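Visitor: Give me a model of this one.
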Amino acid sequence: MKEFVSGTLALEFLKENSDTCRFIIFLDINMPEMSGWEFLENMKKNSDSIYEVHVVTISINPEDKLRARKHNSISSFTEKPFTSKKFKGDNFI
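Guide: Sure, this is the predicted structure:
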């Protein structure tokens, strides 16, 4: 498991390891440096990795949830605080 405090560092890691791994990414929408949405757009452009994205965020903005539903790489949208009960299926989109 890897944890990144910067979207840029995470993108660099994905690019360097795109041919060796499949990734499950837990992503927040509200991040410093770049938003989760910007991260996803950069990831699509710059990585050939196979990935599954789960948004885990403090955002309660209904527009964010609608946007996540339209994004084909996002498997779930869960509001923080994150619990295993929330992840078991209630929030999959």
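
Visitor: Now tell me which helix or strand of this structure has the poorest mean pLDDT.
Guide: helix 84-87 (a mean of 64; mean pLDDT, DSSP states H and E).

Visitor: Contacts only, for the residue sitting nearest the centre point of the chain.
Guide: Nearest residue to the geometric centre of the chain (Cα atoms, centre = their mean): L27, 3.2 Å. By Cβ atoms under 8 Å, 6 or more residues apart in numbering, the contact list for L27 reads G36, F39, L40, V53, H54, V55, V56, T57. The way it works is simple: take the backbone N, C-alpha and C, and place the C-beta from them, glycine included.

Visitor: Try it again at 7 Å.
Guide: Under the criterion of Cβ atoms under 7 Å, 6 or more residues apart in numbering, the neighbours of L27 are G36, F39, V53, V55.

Visitor: Test of understanding: give the bridge partners of it.
Guide: V55 (DSSP bridges).

Visitor: Stretch 63-81: end-to-end distance?
Guide: Stretch 63-81 has an end-to-end distance of 19 Å (Cα to Cα, to the nearest Å).

Visitor: To clarify, my last question referred to stretch 21-34.
Guide: Start-to-end span of stretch 21-34 (Cα to Cα) is 24 Å.

Visitor: Quick one: mean pLDDT for that stretch?
Guide: Mean pLDDT, computed over stretch 21-34, is 88.

Visitor: Verify the stated contact: I60 with K80.
Guide: No - I60 is beyond contact range of K80, at 9.7 Å (criterion: Cβ atoms under 7 Å).

Visitor: Between these two, tell me which one has more neighbours.
Guide: K80 (12 against 9; other Cβ atoms under 10 Å).

Visitor: How many residues are close by the residue lying closest to that one once chain neighbours are set aside?
Guide: Nearest residue to K80 in three dimensions, chain neighbours excluded: I58, at 4.8 Å (Cβ to Cβ, 6 or more residues apart in numbering). Per other Cβ under 10 Å, the neighbour tally for I58 reads 11.
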